[in-house]
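Peer 1: give me the fold of what follows.
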Amino acid sequence: FDLQEHTNAQIISQVFGELSLETSPTDKTWVYRDFRAKTICFEQAAQEHRSIFVIGPANSGKSSIIHSYIESKVQAGKKVKHLCMNPKAIQTAHMVGYYRDGIWMDGVLTCALKDLEQDAVHDMKILIFDSLMDPVWTEMIKPLIDTKRFFQSKNQENIAINPDTKVFFETPDLQLCAPCIVGTSYISFVGDDCVPWKALIESWVSETPHKEILREFSEFYLPKIVNFLEENEDMITGYHLKSRIKGLIEIFDLIAQINVEKLDREEQTLEKAK
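Peer 2: The predicted structure is shown next:
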């Protein structure tokens, strides 16, 4: 019996609010069992590995697993600093640094590494790369997870990597990842069913200011739409259920917002008329 492991699992459960989520205002029986298991496995892997890949399709819960891990450390009394970037959205020169008019300019990555190196306040430092894999940038960051633990920028400056700095990758697949990165990292696959589509709906309804308006849509109409999509997935190009549900959520949220604002204006007009 591992007391530390048991304590970590308890903290993670607390972060999830006992891992339960309502499927309706009166039904509280649905539980995130797979999601809890994935996050506990992630926490255990992070104790042994400096770098972890979290792989899975869109809206499968990759980000939630990482941030639940971070929050569990905060609740355990750790001071955690995490930085997140998308290397595919940054030019290589702006990522690692470049010379401009003979003057060296640090890039996003080198600035982040120096920031983490000089930070004496936080107990844990985490770099998160949320992006599609690419041989260029994955090969470029190989020094971050090497045993030597230092990064040499193009101006020959060596930046030490703190031993307590962890590197997490969030990506849909590893097709274009440099083999040297994958070979030294722990890999966690998050399936599409780790977080059921009802989780997206309940999360959306619980946070929107239009709960009353959207509750009927989420409980009565949306399941019928989902059934139709599932029955006709072969006929739909680029089918991905959760992505389409998320699109529907955003559309109906906007429609609700427009109609609520319209009703508010009409009420204000009636008040002025009185």
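Peer 1: could you use CA atoms for every contact and neighbour count after this?
Peer 2: OK.
Peer 1: can I take it that residue 125 is in a helix?
Peer 2: No: counting by DSSP: H, G, I helix; E, B strand; the rest coil, residue 125 falls outside a helix, being strand.
Peer 1: give me the beta-bridge partners of it?
Peer 2: residue 81, residue 165 (DSSP bridges).
Peer 1: okay, now it: neighbour count?
Peer 2: 20 (other C-alpha atoms under 10 Å).
Peer 1: OK, contacts around it?
Peer 2: Residues near residue 125 by C-alpha atoms under 8 Å, 6 or more residues apart in numbering: 80, 81, 82, 116, 164, 165, 166.
Peer 1: just checking, the fifth one touches residue 127?
Peer 2: No: under the criterion of C-alpha atoms under 8 Å, residue 164 lies out of contact with residue 127, with a separation of 11.0 Å.
Peer 1: of the two, who's got more company?
Peer 2: Ranked by neighbour count (other C-alpha under 10 Å), residue 164 and residue 127 place residue 127 first, with 21 against 13.
Peer 1: for the more buried one, give its distance to residue 211.
Peer 2: Going from residue 127 to residue 211 by C-alpha to C-alpha, to the nearest Å gives 36 Å.
Peer 1: which helix or which strand is home to residue 223?
Peer 2: Residue 223 belongs to helix 222-231 when assigned by DSSP states H and E.
Peer 1: tell me the buried residues in the helix or strand just after that helix?
Peer 2: Downstream of helix 222-231, the next assigned helix or strand under DSSP H and E is helix 241-273. Neighbour-count burial for helix 241-273 flags 241, 242, 243, 245, 246, 249, 253, 256, 257 (criterion: 16 or more other C-alpha atoms under 10 Å).
Peer 1: now the angle from helix 241-273 to helix 222-231?
Peer 2: Put simply, helix 241-273 runs at 150 degrees to helix 222-231, going by axes from the mean of the first three to the mean of the last three C-alpha atoms, to 10 degrees.
Peer 1: now for helix 241-273, which elements pack on it?
Peer 2: Here helix 241-273 touches helix 197-207, helix 211-216, helix 222-231, going by 3 or more C-alpha pairs under 8 Å, 6 or more residues apart in numbering; DSSP states H and E.
Peer 1: how far away from the center of its chain is it?
Peer 2: Its chain's C-alpha centre and that of helix 241-273 lie 28 Å apart, by C-alpha atoms, centre = their mean, to the nearest Å.
Peer 1: any idea of the mean pLDDT for stretch 211-228?
Peer 2: For stretch 211-228, mean pLDDT rounds to 75.
Peer 1: just the endpoints, please. Distance across it?
Peer 2: End-to-end distance for stretch 211-228: 24 Å, by C-alpha to C-alpha.
Peer 1: how far does it sit from its chain's centre?
Peer 2: The chain centre lies 26 Å from the centre of stretch 211-228; the measure is C-alpha atoms, centre = their mean.
Peer 1: who touches stretch 249-262?
Peer 2: Stretch 249-262 is contacted by residues 201, 204, 208, 210, 213, 214 when judged by C-alpha under 8 Å, 6+ apart.
Peer 1: could you report the neighbour count for residue 157?
Peer 2: 11.
Peer 1: I'd like the next helix or strand past the lowest-mean-pLDDT helix or strand in the chain.
Peer 2: Least confident helix or strand, the chain: helix 3-15 with a mean of 51, by mean pLDDT, DSSP states H and E. Counting by DSSP H and E, the element after helix 3-15 in chain order, helix or strand, is helix 33-48.
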